[in-house]
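Predicted coordinates and the sequence they were generated for:
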Amino acid sequence: MLIAGFPSEATATNCYVVAPGDGEQCVVIDPGIGVTGQLDEVIAEHRLHPVAVLLTHGHFDHTFSVLPVCQARDVPAYIHPRDRPQLADPWTWVGMPKGTPLFGTLTFAEPDDVRELPTTGTVPLAGLDFAVTHAPGHSAGSVVFGLSGADEALLFSGDVLFAGSIGRTDLPGASMADMERSLRDVILPMADGTVVLPGHGPQTTVERERATNPFLLDLL
């Protein structure tokens with residue numbers, strides 16, 4: 001399996017490109033601010049063919065480039081229905097007045113093809129089966145994507161779980177109570193060896209976070 005990850009120019013949001021291998025179809029996860037150049041380089045280097053964009057949640061630092069990426073390549077975007085309104089209105093959900101300039105642009109709109117993720121289920125894309133689990137707390141529609149590789153289980157955790165921390169819960173639509181339920185019911189039961197690829201910062205494992213992350217330790 002091929003997984004290429006890189007941080008966005010602003011906010012250091014991790015964008016991931018996932019494919020069975022070179023020359024195959026691929027999925028783009030969380031195309032944030034200013035990632036189109038890096039994304040094009042990865043796609044060209046590995047001779048990939050994007051078929052979809054997956055969004056872990058609707059905050060603009062994860063969705064900023066979803067419209068140009070989808071429109072340029074005529075692919076759909078997948079997002080949980082509770083976060084879908086943020087594609088056209090990113091301001092309300094981060095506590096900003098509507099129309100506030102965001103990194104030089106005021107143009108926000110849904111791509112032509114937006115598909116809603118299930119609360120729990122599997123989405124087959126690019127020859128891979130992405131397991132979707134609703135994990136609200138950071139936002140009402142936050143999800144995590146699970147993927148089973150040849151040697152390990154992977155979790156694209158968005159802003160639910162970071163190495164040593166969790167996503168903030170003080171924004172509109174967020175809830176610490178929901179976050180604790182998601183951590184307890186979604187994250188803690190996962191296998192120790194699950195590799196966590198978060199929305200910000202370095203990768204980690206469920207085992208490491210269970211042993212050291214203060215937000216998980218409080219729930220044990």
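The structure has been received and is ready for your questions. Numbers count the residues shown, from 1 in each chain.

And the residue nearest the centre of the chain, how far from Glu41?
The centroid of the chain falls nearest to Thr56 when counting by Cα atoms, centre = their mean (3.1 Å). Separation of Thr56 from Glu41 (Cβ to Cβ, to the nearest Å) stands at 23 Å. Every C-beta, even on glycine, is put in place using the N, C-alpha and C of the backbone.

residue boundaries of the helices in this structure?
Per DSSP state H, the chain carries helices over the ranges 36-45, 60-63, 66-73, 176-182, 206-212, 214-217.

quick one: contacts of the fourth one?
For helix 176-182, contacts defined as Cβ atoms under 8 Å, 6 or more residues apart in numbering pick out 135-138, 140, 142, 160, 166-167, 169, 219.

Out of these, grab the one that's most surrounded.
Using other Cβ atoms under 10 Å as the neighbour criterion, Ser142 leads the contacts of helix 176-182 with 31 neighbours.

which ones are touching Gln86?
Shown in contact with Gln86 (Cβ under 8 Å, 6+ apart): 58-60, 63, 92-93, 139.

Mind giving me the ChimeraX select for these, buried ones only?
Command for ChimeraX that selects the buried part of the contacts of Gln86, burial taken from 16 or more other Cβ atoms under 10 Å:
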select :58,59,60,63,93,139
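
just curious, which of the contacts of Gln86 is nearest to Leu128?
Nearest to Leu128, judged by Cβ to Cβ, of the contacts of Gln86 is Thr63 at 21.4 Å.

what's near enough to touch that closest one?
30-32, 55, 79, 86-87, 90.

next one: Pro68
Pro68 touches Thr36, counting by Cβ under 8 Å, 6+ apart.

Could you report the pLDDT at it?
We have a pLDDT of 92 for Pro68.

again, but for Leu117
Model confidence at Leu117, given as pLDDT, is 97.

Next up, phi/psi of it, please.
As for Leu117, its main-chain torsions (degrees, to the nearest 10) stand at phi -80, psi 150.

What are the contacting residues of stretch 110-127?
Counting by Cβ under 8 Å, 6+ apart, residues outside stretch 110-127 touching it are 18-20, 24-27, 51-54, 66-67, 70-71, 75-81, 84, 87-88, 129-134, 143.

Show the buried residues in these.
Among the contacts of stretch 110-127, those buried by neighbour count (16+ other Cβ under 10 Å) are 18-19, 24-27, 51-54, 66-67, 70, 75, 77-80, 84, 87, 130-134, 143.

any low-confidence regions in this structure?
Counting by pLDDT under 70, the chain shows low-confidence ranges at 105-107, 149-150.

can you do 50?
Counting by pLDDT under 50, the chain contains no low-confidence range.

May I have the beta-bridge partners of Pro124?
Asp129 (DSSP bridges).

and Ala109, how many neighbours?
11.

how close does it get to Leu2?
On the measure of Cβ to Cβ, Ala109 and Leu2 end up 31 Å apart.

now swap in Gly141 and tell me
28 Å.

Which one's more surrounded, these two?
Gly141 (25 against 15).

Now the more buried one: closest residue in space, sequence neighbours ignored.
Spatial nearest neighbour of Gly141, excluding adjacent residues (Cβ to Cβ, 6 or more residues apart in numbering): Asp83 at 2.9 Å.

who touches the one you found in this structure?
Counting by Cβ under 8 Å, 6+ apart, Asp83 has contacts 55, 57-58, 93, 139-142, 173.
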